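Undergrad: please find the sequence and the predicted model below.
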Amino acid sequence: MLSGNEVNSLLNVVLALIMGGLGLSLTRADFRHLFDKPKALAVGLTAQMVLLPVISWVIVQMGDLSPELQVGIMILSVCPGGITSNLISYFLKGNVALAISLTVLNAVLTLITIPILVNIFLLHFMQNGKEFQLPFLDVMYEIMVVTVLPAAIGLFIRDRFPAVAGKLEKPLNYTSTGLLVVVFILKIFSGESSGGTGLRFADISGLFPYVILLNFLSMMAGFLSGSLFSLPFNSKITISVEVGLHNTALALLIAGNILANHEMEKPALVYAMFSFFITFLVAWLLRRVEKVLFKNRAAESPKEG
């Protein structure tokens, strides 16, 4: 059985492998897309960086959660996007270039936003919040080492050695996904002394309404933001997915590895159990509704002429 420190170290490796796999999939063209359609990018980033924490703040006020669980949900809200959200955008024919752009920018922005916002959450929700304060530069460095640096290495390999990147990308993604599942299993079923969280069925049932509401409302906020600014449907669905699906591995890194608080990890674990399926289902339903509306508009347009 692994120790708690070994499980945390494994999580660091997994997150680095995930980000390395992202880097291997990037090209210079992906970075040009950052500026091709700045309105969609700005809408997505605003929804992720501003609306998500606001939505989460409202949700945690609705019940009788412990301060640790409230902070855990708030931490989840500042860890948006990830490889899985890019995959869903691809399957649902969303704007994949926008999805990748949002993921890349988030990896950089969270170096600053996470230390600042998490310290605010700790001060607000925890009576001893000052004792939990994250050292800004240390946290920035730790996040950079397991997110931005591996992505940069993957990007370098893709740019200089594309054949090598092509051979590495799929095996690396499969390996990181499998290891992430192992980490989740250890976090859920192992005892606290072995790197687990002591998660019980009561924790799952108690947190389920909050994390699923966060998942759903985040998606709706992303989609409506895109609608408000008249973005194309494929961009709206992508923003909805990117805002709605959170990077649980990064949330576990903050709550478990850095803050060393098992209670704060629980919202991310419960969220991870259901969020992929709910995000895919809601996005698929939005896509189906859009197709029906498009057919109806197409059928009515000759009559209007």
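TA: In hand now; what should we look at?

Undergrad: which stretches of the stretch 101-250 of the chain form helices?
TA: 136-143, 149-160, 162-189, 201-228, 233-244, 248-252 (DSSP state H, counting those that start in this stretch).

Undergrad: residue 141 and residue 221: what is the separation?
TA: Note on residue 141: its distance to residue 221, by CB to CB, to the nearest Å, is 32 Å. To be clear about C-beta, it is placed using only N, CA and C from the backbone, and glycine gets the same treatment.

Undergrad: my bad, should have said residue 168
TA: Distance, residue 168 to residue 221, by CB to CB: 36 Å.

Undergrad: same question, residue 94
TA: Residue 94 is 16 Å from residue 221, by CB to CB.

Undergrad: more neighbours, these two?
TA: residue 94 (26 against 21; other CB atoms under 10 Å).

Undergrad: quick one: residues in contact with stretch 168-184.
TA: 7, 10-11, 13-14, 17-18, 20-21, 24-25, 83, 157, 249, 252, 269, 272 (CB atoms under 8 Å, 6 or more residues apart in numbering).

Undergrad: same check, this time on stretch 269-285
TA: For stretch 269-285, contacts defined as CB under 8 Å, 6+ apart pick out 76, 84-85, 88, 91-92, 94, 184, 187-188, 197, 199, 203-204, 207-208, 211-212, 214-216, 219, 237, 240-241, 244-246, 248, 252.

Undergrad: same question, stretch 97-104
TA: The set of residues external to stretch 97-104 that reach it, using CB under 8 Å, 6+ apart, is 22, 25-26, 30-31, 33-34, 36-37, 40-41, 44-45, 48, 81-83, 85-86, 89-90, 151, 235, 238-239, 241-242.

Undergrad: just the buried residues of those residues.
TA: 22, 25-26, 30, 33-34, 37, 40-41, 44-45, 48, 81-83, 85-86, 89, 151, 235, 238-239, 241-242 (16 or more other CB atoms under 10 Å).

Undergrad: filter these down to the ones in helices?
TA: 22, 25, 30, 33-34, 40-41, 44-45, 83, 85-86, 89, 151, 235, 238-239, 241-242 (DSSP state H).

Undergrad: please name the nearest non-neighbouring residue to residue 107.
TA: With sequence-adjacent residues excluded and distances taken as CB to CB, 6 or more residues apart in numbering, residue 107 is closest to residue 147, at 5.0 Å.

Undergrad: and residue 66, its phi and psi?
TA: Torsion angles at residue 66 (phi, psi; degrees, to the nearest 10) stand at phi -70, psi 160.

Undergrad: just checking, it touches residue 263?
TA: Yes. Applying CB atoms under 8 Å, one finds residue 66 in contact with residue 263, separated by 6.6 Å.

Undergrad: so for these two, which residue has more residues nearby?
TA: Neighbours of residue 66 and residue 263, each counted by other CB under 10 Å, are more numerous for residue 263; the result is 20 against 13.

Undergrad: isn't the more buried one up against residue 65?
TA: No. Checked against CB under 8 Å, the pair residue 263 and residue 65 is beyond contact range at 10.0 Å.

Undergrad: quick one, what contacts the closest residue to residue 244 other than its chain neighbours?
TA: Excluding the flanking residues, the one nearest residue 244 by CB to CB, 6+ apart is residue 219, at 3.3 Å. Contacts here follow CB under 8 Å, 6+ apart; on that basis residue 219 touches 240, 241, 243, 244, 279, 282, 283.

Undergrad: rerun at 7 Å
TA: 240, 243, 244, 279, 282 (CB atoms under 7 Å, 6 or more residues apart in numbering).

Undergrad: check residue 20 too.
TA: Neighbouring residues of residue 20 by CB under 7 Å, 6+ apart: 150, 151, 153, 154, 172.

Undergrad: closest one of those to residue 114?
TA: Closest to residue 114 out of the contacts of residue 20 is residue 151 (16.0 Å), distances taken as CB to CB.

Undergrad: separation between that closest one and residue 29?
TA: Separation of residue 151 from residue 29 (CB to CB): 16 Å.

Undergrad: now residue 291
TA: Going from residue 291 to residue 29 by CB to CB gives 29 Å.

Undergrad: could you do residue 276 as well?
TA: Distance from residue 276 to residue 29, counting by CB to CB: 28 Å.

Undergrad: do residue 175 as well
TA: The spacing between residue 175 and residue 29, counted by CB to CB, is 26 Å.

Undergrad: name the residue in the two with the higher neighbour count.
TA: Higher neighbour count among residue 175 and residue 29: residue 175, with 14 against 9, using other CB under 10 Å.

Undergrad: point out where the stretch 51-200 of the chain drops to low pLDDT.
TA: Residues of the stretch 51-200 of the chain that meet the criterion pLDDT under 70 lie in 82, 129-131, 193.
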